[in-house]
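Colleague: got a predicted structure here, sequence first:
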Amino acid sequence: MAQDTPEREWWKEAVVYQIYPRSFNDADGDGVGDIPGVIEKVEYLDELGVDVVWLCPVYDSPNADNGYDIRDYRAIMDEMGTMDDWERLLEEVHSRDMRLIMDMVLNHTSDEHEWFLKSKERDSEYSDYYYWRDGEHGGNPNNWTSIFGGDAWKYDEVREQYYLHIFDEKQPDLNWRNEDVRQDVYEMLDWWLRKGIDGFRLDVINLISKTEGLPDGEPNPGWTGWEHVINGPRVHEYIREMYDEVLSNYDIMTVAEMPGCGVADAQQYCGEDGDGLNMIVHFEHADIPYAPGGKWDLDDVDIHPADLPEVAEPDDHFNHWDLNELRDVLTRWQVGLEGEGWNANYLGNHDHPRTVSRFGDDGEYREKSAKMLATLQFTLKGTPFIYQGEEIGMTNVEWNDFDELRDVEAIQQSEELMERHGVNFEAIRHVVKHRSRDNARTPMQWSDADNAGFTDGDPWIKVNPNHESINVAEAREAEDSIWAYYQDLIDLREAEDTLVYGEYHLLYEDHPDIYAYVRADDDDRILVVLNCFGADMTFHLPDHLDGSDAELLLTNNEDPDSVSTDLDELDLPPYEARVYRL
Ligand code: TEU
């Protein structure tokens, strides 16, 4: 692709690494990861080869939802360090030619935010900053439920009204219809941008406009009311305004997290003539292993006290996914945004169980399948996002006791499940194992030392016992580790423009095990072939492509030198990944 192609952007060429700071590295020994801990690891990130660090919330917060409940947008949470620490982090990142993007939560604040405290006192300036309503027939103003379980309304004794909270009751929704709210938000965003950051990851930003009148929703086993909250009537107007007034003034990257966003919506949010956002973190592939009502819709799971102790479901039940479904979703986004927008390619983050446990095999083929999944992520068109620990193939963990849970969603949903079915934790333990967000939040495994080298203190959440064999120190010793493979992938993407800008052409539309596609520019073709499961497969190059001069660019095969370039008939061992230049 020619150097002067107008669609070239640094954020398209970048590799992003997501840090959940609470679980990343603890420098002061209080058991909670912190900003000085991140600073200690900037060098590590540089060596891995990442370009952009996305820092999950570090703002002042009472931590009902680990920082996604912000009490003060302009201050750093005590546990995380100080603003000076944060400034130092920015410097450290920039001095290595990397960039920093901040996670920003604008749909809601903490109920301890000054705006909310004033709002509930009916302070004239702030009275209308949140959704306040009188009750209906002695109950909630409508039938909406919270994403975390339970009702979406809470009665406030001071104001004697109910307020809306789509997430936890400590996360009241901001009323974006109020222009003062919007102006305050924009000013705050500008304040951060003036500090020199390189962009934002915008939390649930497509939830900020609710249907006028807040009508009842269709009852839904997962989340009632979502159709009045997601992609609401004025959402494009608000985002466009935010872009025009603030974001467009800076050369930044904007990653918008959007549950319930389809590719047609995405074209509007981030397309050429869209609202100005760069890319969308959508949920269409991430939600595949879940029932229609979402990850905690468990009507299809047997939970009967009588079944104990045989209640444990085979792991397959929870992680079942169909390649056709995954390929359809990814292809829809690849094709739908071609020339129209840009994809954010992730498989896991802090809200989902671990990638290799969901989409790969975290037993026998852990290393091989983790590498295969990473190959998928890095060779699709879009910006790849690594979630901390993916680069060493971290896995889910057993949750043996209710008291081990830390995630507000896992706790609330488990309580609801136990109550609904009249069972104890033992009966739903297997559900939590495959659904809890805590799986992704166990501490980063730096070494085989106590607490995985994460902290000298008592970790705030349990450490996965498998850190004895799965850890960074070990991965960096071994030449063919997952870690080394990530480095290779990053190098490859940097070297091959076609992997960044080339078009995606799907091959093998409905093969149940093999996912294959070509990335193509005018004069270059790169073929990606992935055996997604644990059986041997054979791949045949379709007739319309010429594989006679194929050159192997990368493989996760244990013996790369033995790998064939005969694409007419290619034997693929379990979880094999191959990248060829045609
Ligand atoms: O997540 C939004 C969201 O809708 C889902 O991730 C949801 O929390 C869960 O996965 C449903 O099963 C964002 C943040 O990423 C998450 O950590 C926060 O808890 C949430 O918003 C509220 O701010």
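Modeller: Okay, I see it.
Colleague: ok, now how distant is the closest residue to Leu572 other than its chain neighbours from Gly502?
Modeller: Distance criterion Cβ to Cβ, 6 or more residues apart in numbering; nearest residue to Leu572, sequence neighbours excluded, is Asn531 at 4.1 Å. In short, each C-beta sits where N, CA and C put it, glycine included. For Asn531, the distance to Gly502 equals 22 Å [Cβ to Cβ, to the nearest Å].
Colleague: do Lys120 as well
Modeller: From Lys120 across to Gly502, the span is 54 Å (Cβ to Cβ).
Colleague: coming back round to it: okay, Asn531 and Gly502: which has more neighbours?
Modeller: Ranked by neighbour count (other Cβ atoms under 10 Å), Asn531 and Gly502 place Asn531 first, with 27 against 20.
Colleague: and the gap between the more buried one and Thr375?
Modeller: Distance from Asn531 to Thr375, by Cβ to Cβ: 11 Å.
Colleague: now for those two: what residues contact both?
Modeller: Ala577 (Cβ atoms under 8 Å, 6 or more residues apart in numbering).
Colleague: and the stretch 351-500 of the chain, which of its residues are near the ligand?
Modeller: Asp351, Glu409 (Cβ under 6 Å from any ligand atom).
Colleague: the stretch 351-500 of the chain: helices as residue ranges?
Modeller: In the stretch 351-500 of the chain, the helices defined using DSSP state H, counting those that start in this stretch lie at 355-359, 366-379, 408-421, 425-435, 472-477, 482-495, 497-501.
Colleague: any stretches of the stretch 1-150 of the chain with poor pLDDT?
Modeller: Along the stretch 1-150 of the chain, segments meeting pLDDT under 70 span 1-6.
Colleague: now do the contacts for the closest residue to the ligand within it.
Modeller: In the stretch 1-150 of the chain, the residue that lies nearest the ligand is Tyr68 (3.4 Å; Cβ to the nearest ligand atom). Each residue near Tyr68 by Cβ under 8 Å, 6+ apart is listed here: Pro57, Ser61, Val105, Phe167, Gln171, Asp203.
Colleague: what count of nearby residues applies to the closest residue in space to the third one that isn't next to it in sequence?
Modeller: Meaning Val105. Nearest residue to Val105 in three dimensions, chain neighbours excluded: Asp203, at 4.3 Å (Cβ to Cβ, 6+ apart). Per other Cβ under 10 Å, the neighbour tally for Asp203 reads 21.
Colleague: quick one: Asp203 from Asp103, how far?
Modeller: 6 Å.
Colleague: do the same with Asp536
Modeller: From Asp536 over to Asp103 (counting by Cβ to Cβ), the distance is 42 Å.
Colleague: now swap in Gly276 and tell me
Modeller: 19 Å.
Colleague: quick one: which of these two has more around it?
Modeller: Per other Cβ under 10 Å, whichever of Gly276 and Asp103 has more neighbours is Asp103, with 24 against 17.
Colleague: contacts only, for the more buried one.
Modeller: Residues in contact with Asp103, defined by Cβ under 8 Å, 6+ apart, are Trp54, Leu55, Cys56, Pro57, Gly67, Phe200, Arg201, Asp203.
Colleague: may I see the helices of the stretch 351-500 of the chain arranged in TSV, with mean pLDDT, distance to Val38 and mean neighbour count as well?
Modeller: Formatted as TSV, the helices of the stretch 351-500 of the chain follow (pLDDT from 0 to 100; distance: least, Cβ to Cβ, whole Å; neighbours: other Cβ atoms under 10 Å):
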stretch	mean pLDDT	distance to Val38	mean neighbour count
helix 355-359	94	21	26
helix 366-379	98	22	25
helix 408-421	90	23	18
helix 425-435	86	28	21
helix 472-477	98	14	16
helix 482-495	98	18	19
helix 497-501	97	27	20
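Colleague: would you mind naming what in this protein lies close to the ligand?
Modeller: Taking Cβ under 6 Å from any ligand atom as the contact definition, the chain meets the ligand at 65, 68, 105, 147, 167, 203-204, 257, 259, 295, 350-351, 409.
Colleague: of these, closest to Asp328?
Modeller: Pro259 (19.1 Å; Cβ to Cβ).
Colleague: which element is the closest one on?
Modeller: Using DSSP states H and E, Pro259 falls within no helix or strand.
Colleague: how far away is it from Asp203?
Modeller: Distance of Pro259 to Asp203, given as Cβ to Cβ: 10 Å.
Colleague: helices of the stretch 101-250 of the chain, start to end?
Modeller: 114-120, 179-194, 235-245.
Colleague: tabulate the ones you listed in a markdown table, adding columns for mean neighbour count and distance to Leu582.
Modeller: Formatted as a markdown table, those follow (neighbours: other Cβ atoms under 10 Å; distance: least, Cβ to Cβ, whole Å):
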| stretch | mean neighbour count | distance to Leu582 |
| --- | --- | --- |
| helix 114-120 | 19 | 57 |
| helix 179-194 | 16 | 43 |
| helix 235-245 | 18 | 40 |
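Colleague: can I get those helices in CSV with distance to Asn424?
Modeller: Listed next are those as CSV, based on distance: least, Cβ to Cβ, whole Å:
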stretch, distance to Asn424
helix 114-120, 36
helix 179-194, 44
helix 235-245, 42
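Colleague: which one of those lies closest to His137?
Modeller: Of those, nearest to His137 by Cβ to Cβ is helix 114-120, at 23.1 Å.
Colleague: thank you kindly, that will do.
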